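> pasting a predicted model and its sequence here:
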Amino acid sequence: MLHAKLTASAKRQGLRARLASGELVRMPGAFNPLSAKLIEDKGFEGVYISGAVLSADLGLPDIGLTTLTEVAGRGGQIARVTELPTLIDADTGFGEPMNVARTVQILEDAGISGMHLEDQVNPKRCGHLDGKAVVDEATALKRIRAAVEARRDPDFLVMARTDIRGIEGLEAAKDRAKKLVDAGADAIFPEAMADLAEFAAIREAVDVPILANMTEFGKSDLYTTQQLADVGVNIVIFPVSLLRLAMGAAERGLDTILAEGSLTSRVPEMQTRARLYELVDYAGYSEFDAGVYTFDLTNNRS
Ligand SMILES: C[C@](O)(C(=O)O)[C@H](CC(=O)O)C(=O)O
Ligand SMILES: [Mg+2]
């Protein structure tokens, strides 16, 4: 109640252990703290905190407009309500290597379990759109180096994302992934892979965990968790999926009010009041409140 029981460090150790076991970590993207609770309730292994969702939530395009304070604030709100490890999208790290160092520490303080840092130039773009550009190798490696050197909890996961595949091709992606690992990256996020064989090629190139981004309407087909596990993927994210599903439902609901004048026909699709209260542990809060209310010092001296 009130917050998750596990400490940030225990969640990070849990993520490390799961990755070491070789079993796939499935991380749907939470669009708010409540959806993170749903992800946990359904039995997933982790929660992803997407930059695209964070921007969209603020009514903004995903082009690097959000600040570290906003990202860490929302990330912290999500991390504190769940027992699951959280992986956050740190975009390009919010500045130069020195800023990246500060970013890592602030995200650690927010209770987050790991972050990914990409090699795009600023302003960044969604990795599945054309027209993006990447920084040179030295700049990309410095970002990772700064992150690794600045972290205080060795279990905080520093994942390097490379967007180079969409610009220079698979060979360049393999080469950059290897160098990012040499610079200290704990894991690799190869963005915009064309197919399963490309994930397998990255798997072959590095010996750290790799992530697959199953974002809809992007460059990759949507593979099943089994297909991805079979080619050696270790983490799969569904970054914007819950937001897209929820917004799809919201649009249909609004259209129904316009067309029918009421939402009666949509009620069966809605999460019930009882289910919502279950997710936010209404009963647990009431019990806590009652316990504190009846607290009496004279009866608690022993
Ligand atoms: C993973 C991602 O970085 C995100 O912010 O969620 C995006 C997702 C998307 O825009 O579909 C990405 O660049 O792939
Ligand atoms: Mg992003």
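Nice, thanks for sending it over. Ligands and ions are numbered 1, 2, ... in the order given.

> dihedrals phi and psi, the residue of the chain found nearest ligand 2?
In the chain, the residue that lies nearest ligand 2 is G51 (3.4 Å; C-beta to the ion). Backbone N, C-alpha and C define where each C-beta goes, glycine included. Torsion angles at G51 (phi, psi; degrees, to the nearest 10) stand at phi -70, psi -40.

> local confidence estimate at it?
You'll see G51 listed with a pLDDT of 98.

> can you give me the neighbour number for the residue nearest to it when sequence neighbours are not counted?
Leaving out its chain neighbours, the residue that sits closest to G51 by C-beta to C-beta, 6 or more residues apart in numbering is D89, at 3.8 Å. Using other C-beta atoms under 10 Å, D89 has 26 neighbouring residues.

> before we move on, the earlier item: wait, what's in contact with the residue of the chain closest to ligand 2?
Contacts for G51 (C-beta atoms under 8 Å, 6 or more residues apart in numbering) come out as D62, T66, V71, D89, A90, D91.

> picking up where we left off before, residue contacts, the residue nearest to G51?
By C-beta under 8 Å, 6+ apart, D89 lies in contact with Y48, I49, S50, G51, A52, L54, V71, M115, H116, P239.

> among those, which are in reach of ligand 1?
Among the contacts of D89, the ones lying near ligand 1 by C-beta under 6 Å from any ligand atom are S50, G51, A52, P239.

> let's have those in CSV, adding secondary structure.
Listed next are the ones next to ligand 1 among the contacts of D89 as CSV, based on DSSP: H, G, I helix; E, B strand; the rest coil:
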residue, secondary structure
S50, coil
G51, helix
A52, helix
P239, coil
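
> can you lay out these as JSON lines showing distance to S286?
Formatted as JSON lines, those follow (distance: C-beta to C-beta, whole Å):
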{"residue": "S50", "distance to S286": "33"}
{"residue": "G51", "distance to S286": "37"}
{"residue": "A52", "distance to S286": "37"}
{"residue": "P239", "distance to S286": "35"}
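
> in this protein, which residue is closest to the centre?
Against the mean C-alpha coordinate of the chain, by C-alpha atoms, centre = their mean, the closest residue is Y48 at 2.1 Å.

> now name the helix or strand holding the nearest residue to A110 once chain neighbours are set aside.
Once flanking residues are discounted, A110 sits nearest to G76: 3.5 Å by C-beta to C-beta, 6+ apart. Per DSSP states H and E, G76 falls inside helix 68-80.

> and A197, by the same measure?
A197 belongs to helix 196-205, assigned by DSSP H and E.

> next structured bit after that helix?
As assigned by DSSP H and E, the chain's next helix or strand after helix 196-205 is strand 211-213.

> list the contacts of that following strand.
116, 127-128, 159, 187-193, 199, 220, 223, 228, 233-237, 239.

> quick one: secondary structure of A36?
What three-state DSSP gives for A36 is helix.

> that one touches I78, doesn't it?
Yes. If you go by C-beta atoms under 8 Å, A36 and I78 touch, sitting 4.8 Å apart.

> anything in contact with each of those two?
By C-beta under 8 Å, 6+ apart, the residues touching both A36 and I78 are A30, V47, T86.

> can you select the buried ones from the residues you listed in ChimeraX?
Here is the ChimeraX command that picks out the buried ones among the shared contacts of A36 and I78, judged by 16 or more other C-beta atoms under 10 Å:
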select :30,47,86
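
> of the shared contacts of A36 and I78, closest to ligand 1?
The shortest approach to ligand 1 among the shared contacts of A36 and I78 belongs to A30, at 11.2 Å (C-beta to the nearest ligand atom).

> tally of neighbours for the nearest residue to Q227 once chain neighbours are set aside?
Leaving aside its sequence neighbours, Q227 sits nearest to L196 (C-beta to C-beta, 6+ apart; 6.2 Å). Using other C-beta under 10 Å, the number of residues around L196 comes to 17.

> and L196, how far from D155?
30 Å (C-beta to C-beta, to the nearest Å).

> whichever of the contacts of D89 end up buried, select them in ChimeraX.
Buried residues among those (16+ other C-beta under 10 Å), as a ChimeraX selection:
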select :48,49,50,51,52,54,71,115,116,239
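
> avg pLDDT for stretch 115-122?
The model assigns stretch 115-122 a mean pLDDT of 95.

> relative to the whole chain's centre, how far out is it?
A distance of 14 Å separates the centroid of the chain from that of stretch 115-122, by C-alpha atoms, centre = their mean, to the nearest Å.

> now do the helix or strand of the chain with the lowest mean pLDDT: everything it contacts.
In the chain, no helix or strand scores lower on mean pLDDT, DSSP states H and E than helix 282-293, which sits at a mean of 86. Residues outside helix 282-293 that contact it (C-beta under 8 Å, 6+ apart) are M1, L2, Y277.
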